[in-house]
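Engineer: just a sequence and a predicted model for now, questions to come.
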Amino acid sequence: MPELPEVETIKRDLSKSIVGRRFVDVSLNWPRAVQIPSPDEFCHRLEGQCIQEIFRRGKYLVLRLATGEALILHFMMSGSLLLDTQGDSHPYSRALFLLDDGARLHFRDPRKLGRMWLVPDENVVVGKLGPEPLGPGFTAEVLMEGVIKRPVPIKALLCDQSFLAGVGNMYADEAIFAAAIHPQRMANSLSNEEIARLHRAIRRVLEEAIGSHGASINDYRRPDGEPGTAQFVFKVAHRSGKPCPVCETPIERIPIRNRGTCFCPNCQRES
Ligand SMILES: [Zn+2]
């Protein structure tokens, strides 16, 4: 599933080529992806609109339009955006945005779980998200204050988008490993030193993954179709049964609140 580094990569790649462009035509092969407004109105209202700015909030991609409206996308399990200048057809294209320079932006989504909104104010969709982990507002002190009243496993808390925006299963596992914390530890039991370590680990893991243009485990691709390479440096995520890169103990996979969680039982002791 695309998480913060993947969506940030899509944003950076697209900002070079679609900001300032205008939607000439919008068509939907999977109208149920549109949450707000109706699919017909979504297409009709987008046509002719100019893309003024593109930014990311958590795992959401936001295209601000010249009218002030926001086109928001969430990629869920398997969504991506492909920018095609050749006019090729693409399997699994659920929406096609034709731009005024002739480029075609495909919302590709094999599993059909991705979502789109066209709203006057993006806060209708992204207003309740927690802080941005790479933003100036996310300090070790903010993380300390946040975990105090949370008797939930730290793995589950890091994946809670209202607690912290943009971190999902893969990068939560990687950050918790880098901080040498057991993923089932209750968040409110962590020491200040462990929280400071986790804070540094979250930021480092996300920054490194952005540097690798995200992780292409399954369907994620950059807008030019190229894969990201962050998966090649994963230490625990998607590595169940393989040796820990630090101590060679086999990586274990356990469910935590219904999420498959990979960790090293030796490097990440329970107490
Ligand atoms: Zn280990």
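Structural biologist: Now that the structure is in, tell me what you want to look at. Numbering: from 1, shown residues only.

Engineer: which strand or helix spans the closest residue to the ion within the stretch 51-200 of the chain?
Structural biologist: Across the stretch 51-200 of the chain, the shortest distance to the ion (C-beta to the ion) belongs to residue 177, at 8.1 Å. Placement of C-beta: from N, CA and C, glycine included. Using DSSP states H and E, residue 177 sits within helix 169-178.

Engineer: contacts for that helix next, please.
Structural biologist: Applying C-beta atoms under 8 Å, 6 or more residues apart in numbering, the contact partners of helix 169-178 are 1, 3-5, 154-155, 158-159, 167, 182-183, 198, 201-202, 204-206, 209, 215, 217, 234-238, 259-264, 267-268.

Engineer: distance from the chain centre to it, please.
Structural biologist: In terms of C-alpha atoms, centre = their mean, to the nearest Å, the gap separating the centre of helix 169-178 from the centre of its chain is 14 Å.

Engineer: do stretch 194-203 as well
Structural biologist: Computed by C-alpha atoms, centre = their mean, the chain-centroid distance of stretch 194-203 equals 19 Å.

Engineer: what is the mean pLDDT for that stretch?
Structural biologist: Across stretch 194-203, pLDDT averages out at 98.

Engineer: check stretch 207-216 too.
Structural biologist: Rounded mean pLDDT across stretch 207-216 is 97.

Engineer: keeping just the C-alphas, turn it into PDB.
Structural biologist: Extracted in PDB, the C-alpha atoms of stretch 207-216 (Å, rounded to 0.1, in the frame of the first residue of the first chain):
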ATOM      1  CA  GLU A 207      13.400  10.300   4.600                       C
ATOM      2  CA  GLU A 208      15.500   7.400   3.300                       C
ATOM      3  CA  ALA A 209      12.500   5.800   1.600                       C
ATOM      4  CA  ILE A 210      11.700   9.100  -0.100                       C
ATOM      5  CA  GLY A 211      15.400   9.100  -1.300                       C
ATOM      6  CA  SER A 212      14.700   5.700  -2.800                       C
ATOM      7  CA  HIS A 213      11.500   6.900  -4.500                       C
ATOM      8  CA  GLY A 214       9.300   4.600  -2.300                       C
ATOM      9  CA  ALA A 215       8.900   0.800  -2.200                       C
ATOM     10  CA  SER A 216       7.500  -1.200  -5.100                       C
END
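
Engineer: for that stretch, which positions count as buried?
Structural biologist: By neighbour count on 16 or more other C-beta atoms under 10 Å, the buried set for stretch 207-216 is 209, 210, 212, 213, 214, 215, 216.

Engineer: then stretch 242-259?
Structural biologist: 244, 251, 252, 256, 259.

Engineer: can I assume the first one is in contact with residue 263?
Structural biologist: Translated: residue 244. No: with contacts counted by C-beta atoms under 8 Å, residue 244 stays clear of residue 263, the gap being 9.1 Å.

Engineer: find the residues that touch each one of these two.
Structural biologist: Common neighbours of residue 244 and residue 263 are listed as 236, 251 (criterion: C-beta under 8 Å, 6+ apart).

Engineer: follow-up on the earlier one: which of the buried residues of stretch 207-216 fall in strands?
Structural biologist: Among the buried residues of stretch 207-216, no member is found in strands (DSSP state E).

Engineer: for the residue nearest to residue 93 when sequence neighbours are not counted, name its beta-bridge partners.
Structural biologist: Ranked by C-beta to C-beta, 6 or more residues apart in numbering and with sequence neighbours excluded, the top spatial neighbour of residue 93 is residue 106, at 4.2 Å. According to DSSP bridges, the residues that bridge with residue 106 are residue 82, residue 96.

Engineer: and residue 106, how far from residue 168?
Structural biologist: 23 Å (C-beta to C-beta, to the nearest Å).

Engineer: go on, residue 121?
Structural biologist: The value you get for residue 121 to residue 168, if C-beta to C-beta is used, is 25 Å.

Engineer: quick one, which of these two is more surrounded?
Structural biologist: Between residue 121 and residue 168, counted using other C-beta atoms under 10 Å, residue 168 has the larger neighbour count: 18 against 11.

Engineer: how about the residue lying closest to the more buried one once chain neighbours are set aside, what does it touch?
Structural biologist: Among residues not flanking residue 168 along the chain, residue 3 sits closest, at 4.1 Å (C-beta to C-beta, 6+ apart). Counting by C-beta under 8 Å, 6+ apart, residue 3 makes contact with 59, 166, 167, 168, 169, 170, 171.
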